[in-house]
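1. Sharing a model that was predicted from the sequence below.
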Amino acid sequence: MLNIFQIVIWKNSKKGNDMTDFNQDLEQNPIRYPLVQATVLKVSSRMPKPTPSMLRKTGTLVTVNPGSKFAASAPKGVGRIFAPDPREEGWSWVSFPDGAKNRYRIGMFGVQGGACDLELAEGEKERFATVNYSGQMIEVPIDGLNIEPGDVVKLERETLRAVGVEPAVPTGSIAFVSQIIDKELAVVDVSGGRRTVFAGKFAGKLVPNGRVVLDSALAIVLENYGLEDDSFELDQATGITWDDICGQEAAKALFLDSMERPMRFPKHYKFFGKKPAAGFLLYGPPGCSKTMFAKAVYTSLVKRCEEKGVSPKGGFILVSGPELLDKYVGVPEATIRHIFARAREFYRRTGIMAVIFIDEAEAILAKRDSGISSDVLKTIVPAFLAQMQGVRESGAIVILATNKPESLDSAAIRPGRIDVKIEIKRPTKVAVREIFLKNFKGVAISSTTSAELLAEVGAISVFSPERRIYEIKKADGTTVDFTLAHIVSGSMIPAIVADAKRLALERELLKPEPTEGLTDADLVGAVDNIARQEFGMDHGDALREFTHDFMDQIANVQKLHQIGV
């Protein structure tokens with residue numbers, strides 16, 4: 001840290017500590033423009049050493065020195081200098097609240113050995129501000145100005161006299177508290193580096209891993225958000241329950257068995273010495289309900305909080321892996337520590353384990369020897385692993401979701417960190433039918449059919465072997481078709497229903513009033529449209545998944561010119 005220099009800016013004697021004296025000083029010494037600005041880092045006050053000139057000045061507040069020969073007979077309380085003794089230099093008259101008026105020695109050289117009977121009273125303390133001016137810390141008097149740490153003080157360019165102040169506006173850089181040195185100083189992570197900063201008006205109120213706002217010079221905390229943070233947080237119930245997830249019965253059963261039961265029956269688990277799972281891995285193709293699992297977990301968490309009479313705020317943290325990445329090294333690590341600290345705080349407040357759901361986990365937890373963003377992963381993965389250590393005791397449940405489980409770092413998903421690994425598979429024909437039915441709720445259906453029949457038609461159309469995308473020839477001469485059914489997902493079905501409604505609407509807009517709802521033709525037409533859209537996409541991952549068991553038998557893979565041909 002830089003040395004602190006005291007700048008003496010008042011030429012004569014110390015001015016009073018009220019606004020009247022401050023204004024008088026400005027009248028006697030007009031402000032000289034232009035002004036410069038400096039950020040206030042610290043405000044302090046101290047008692048100046050009394051001098052004969054101060055003890056001759058009218059209005060100075062004093063008390064009688066206990067060591068004075070006049071102490072025993074002196075009036076009690078704070079007196080005020082009202083005049084120097086005109087008859088004898090080195091003495092001043094003091095008036096007291098009870099009306100008494102006495103004269104006392106003021107420590108002048110050559111007068112009775114320089115003895116001084118008076119001390120400055122508490123009201124004579126001088127106030128100073130340590131400010132950051134041009135990258136240097138200096139100290140300026142601020143009596144007469146109402147100043148707090150973080151404010152911007154206006155100074156004359158030449159004399160550095162404080163002549164005004166602007167309240168602090170927290171518009172600087174976001175930082176995370178890494179270490180609290182003492183009440184007034186902390187180490188923060190900001191823009192990929194670490195800095196020691198003043199706590200300012202938040203002295204004694206900062207918390208480790210909390211978020212703060214720094215001034216433009218990155219020297220002082222202007223705002224303290226602590227662990228309160230709306231980022232990565234769901235702020236309202238999604239309404240999605242476990243019953244809304246179709247076609248993933250085995251995955252749901254394993255998940256509920258591993259996560260819900262320990263929460264419902266903690267005494268039983270404690271009796272058998274069985275600890276709940278610390279973490280879960282959900283893996284499988286995109287669009288196959290992994291996010292639905294997250295929403296169902298959130299709904300369950302909200303319900304438990306309602307039963308206990310506590311707020312669910314901060315209890316579910318939903319993070320997309322790429323959101324944690326930053327151009328500055330150190331920022332993702334600080335964000336990870338902040339997220340886990342928020343989870344621990346929620347558990348401390350409610351007694352309910354918070355949930356940290358990280359979607360696209362491969363973005364931050366990929367293998368460190370993969371050669372992809374290796375420099376970033378060398379610091380992010382260890383930061384995550386450090387937070388996962390002892391996560392059961394810290395009150396957090398971690399759920400990772402990924403489409404590429406093979407790319408995850410083995411240390412991040414080993415037992416003890418991620419205890420339960422659940423594969424989320426593509427929906428079957430039966431599951432697709434159920435998803436169609438759920439998406440037909442509230443949809444106008446033609447009188448020529450029913451929701452159940454439409455769902456059956458939709459499932460048959462999606463799984464039709466005629467909707468071919470790739471033709472795969474094996475070495476033995478046989479052929480295998482890769483069809484729309486091999487890329488079907490839970491998210492595809494709502495898209496088909498939405499397109500079917502569009503087709504029906506276009507048909508009915510030709511009439512004065514709508515008379516017919518969704519038909520079989522609308523749904524099949526929508527499946528055709530979605531199939532054509534998907535045909536133009538690259539399905540390399542799904543193709544590798546499909547051919548995994550007979551990869552060594554493949555002679556040729558040919559994409560068709562158009563779907564079904």
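-> Good, I have the coordinates.
2. so N102 sits right up against W91, yeah?
-> No - in this structure N102 lies outside contact range of W91 using C-beta atoms under 8 Å: 10.0 Å. The way it works is simple: take the backbone N, C-alpha and C, and place the C-beta from them, glycine included.
3. more crowded one of the two?
-> W91 (19 against 16; other C-beta atoms under 10 Å).
4. and that one, bridged to which residues?
-> The partner list for W91 in beta bridges (DSSP bridges) reads R105.
5. show me what contacts it?
-> Contacts for W91 (C-beta atoms under 8 Å, 6 or more residues apart in numbering) come out as P84, D85, R103, Y104, R105, I106, V111.
6. name the element T63 belongs to?
-> For T63, the host element (DSSP states H and E) is strand 61-64.
7. can you pull the buried residues of that strand?
-> L61, V62, T63, V64 (16 or more other C-beta atoms under 10 Å).
8. Then stretch 239-247?
-> I240, W242, I245, C246, G247.
9. didn't the last one look like it was pressed against V430?
-> Yes - using C-beta under 8 Å, G247 is in contact with V430, at 7.2 Å.
10. in the stretch 451-565 of the chain, which spans are helices?
-> Assignment of helices within the stretch 451-565 of the chain using DSSP state H, counting those that start in this stretch yields the ranges 451-462, 492-508, 520-535, 540-546.
11. nearest to G77, of the ones you listed?
-> For the helices of the stretch 451-565 of the chain, proximity to G77 was assessed by C-beta to C-beta; helix 492-508 is nearest, at 81.6 Å.
12. ok, P50 - contacts?
-> Counted by C-beta under 8 Å, 6+ apart, P50 has contacts V62, I106, G107, C116, L118, E119, L120.
13. will you turn the residues you listed into a markdown table that also has distance to H338, pLDDT and secondary structure?
-> Listed next are the contacts of P50 as a markdown table, based on distance: C-beta to C-beta, whole Å; pLDDT from 0 to 100; DSSP: H, G, I helix; E, B strand; the rest coil:
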| residue | distance to H338 | pLDDT | secondary structure |
| --- | --- | --- | --- |
| V62 | 53 | 93 | strand |
| I106 | 59 | 93 | strand |
| G107 | 57 | 92 | coil |
| C116 | 56 | 94 | strand |
| L118 | 55 | 94 | strand |
| E119 | 50 | 93 | strand |
| L120 | 48 | 92 | strand |
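14. now that we have those residues, which one has the most neighbours?
-> Counting neighbours by other C-beta under 10 Å, the top entry in those is I106, with 27 neighbours.
15. Distance of it relative to S53?
-> Using C-beta to C-beta, to the nearest Å, I106 is found at 9 Å from S53.
16. my guess is R105 meets C116, correct?
-> Yes - in this structure, R105 is within contact of C116 by C-beta under 8 Å, at 5.9 Å.
17. Find the residues that touch each one of these two.
-> S68.
18. Could you pull up phi and psi at S447?
-> S447 adopts backbone torsions of phi -70, psi -10, taken as degrees, to the nearest 10.
19. ah, wrong one, I meant A383
-> Phi and psi for A383, reported as degrees, to the nearest 10, are phi -60, psi -40.
20. just checking, A278 touches M388?
-> Yes - here A278 reaches M388: they are 7.3 Å apart, a contact under C-beta under 8 Å.
21. what residues are shared contacts of those two?
-> Common neighbours of A278 and M388 (C-beta under 8 Å, 6+ apart) are V398, R417.
22. Now find how far off-centre the helix or strand hosting E307 is within its chain.
-> Per DSSP H and E, E307 falls inside helix 290-308. In terms of C-alpha atoms, centre = their mean, to the nearest Å, the centre of helix 290-308 is found 21 Å from the chain centre.
23. Can you name every helix or strand that the helix or strand that comes right after that helix contacts?
-> Later in the chain than helix 290-308, the nearest helix or strand by DSSP H and E is strand 316-320. The contact analysis (3 or more C-beta pairs under 8 Å, 6 or more residues apart in numbering; DSSP states H and E) places strand 316-320 against helix 290-308, helix 331-350, strand 354-359.
24. so which of the ones you listed gets nearest D230?
-> helix 331-350 (10.7 Å).
25. For the closest one, buried residues please.
-> 331-347, 350.
26. next one: stretch 423-442
-> Applying 16+ other C-beta under 10 Å to stretch 423-442 flags 424, 426-427, 431-440 as buried.
27. got the end-to-end distance for it?
-> 32 Å (C-alpha to C-alpha, to the nearest Å).
28. re earlier: mind putting the helices of the stretch 451-565 of the chain in a markdown table, mean pLDDT and mean neighbour count included?
-> Listed next are those as a markdown table, based on pLDDT from 0 to 100; neighbours: other C-beta atoms under 10 Å:
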| stretch | mean pLDDT | mean neighbour count |
| --- | --- | --- |
| helix 451-462 | 94 | 20 |
| helix 492-508 | 93 | 19 |
| helix 520-535 | 92 | 19 |
| helix 540-546 | 86 | 15 |
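29. Please point out which parts of stretch 264-280 sit buried.
-> Neighbour count says stretch 264-280 has P276, A277, A278, G279, F280 buried, by 16+ other C-beta under 10 Å.
30. nope, stretch 306-321 is what I was after
-> P312, G314, G315, F316, I317, L318, V319, S320, G321.
31. so how far is that stretch off the chain centroid?
-> 14 Å.
32. what's the straight distance from one end of that stretch to the other?
-> Terminal residues of stretch 306-321 lie 30 Å apart, using C-alpha to C-alpha.
33. neighbouring contacts of that stretch?
-> With C-beta under 8 Å, 6+ apart as the test, stretch 306-321 has contacts from 227-229, 232-235, 294, 297-298, 301-302, 305, 339, 342-343, 345-346, 349-352, 354-365.
34. For the stretch 51-200 of the chain, just list every one of the helices.
-> 52-56.
35. State the pLDDT value of D375.
-> Listed pLDDT for D375 reads 58.
36. What of C305?
-> So, for C305, pLDDT stands at 87.
37. All the strands of the stretch 101-250 of the chain, in order from the start?
-> 101-105, 118-120, 126-133, 136-141, 152-156, 162-166, 174-180, 185-190, 193-198, 211-214, 221-226 (DSSP state E, counting those that start in this stretch).
38. Could you say which of those strands is packed most deeply?
-> With neighbours defined as mean count of other C-beta atoms under 10 Å, the strands of the stretch 101-250 of the chain peak in mean count at strand 211-214, which reaches a mean of 23.
39. now that one: how far from the chain's centre is it?
-> Worked out by C-alpha atoms, centre = their mean, strand 211-214 lies 10 Å from the chain centre.
40. Give me the neighbour count for the closest residue to V480 other than its chain neighbours.
-> Distances taken as C-beta to C-beta, 6 or more residues apart in numbering place I472 nearest to V480, at 4.5 Å, with adjacent residues excluded. Residues contacting I472 under the criterion other C-beta under 10 Å number 19.
41. I472 pairs with what?
-> Beta-bridge partners recorded for I472 (DSSP bridges): V480, V557.
42. Pick the one among the buried residues of stretch 239-247 closest to E506.
-> For those, the nearest to E506 is C246 (28.9 Å; C-beta to C-beta).
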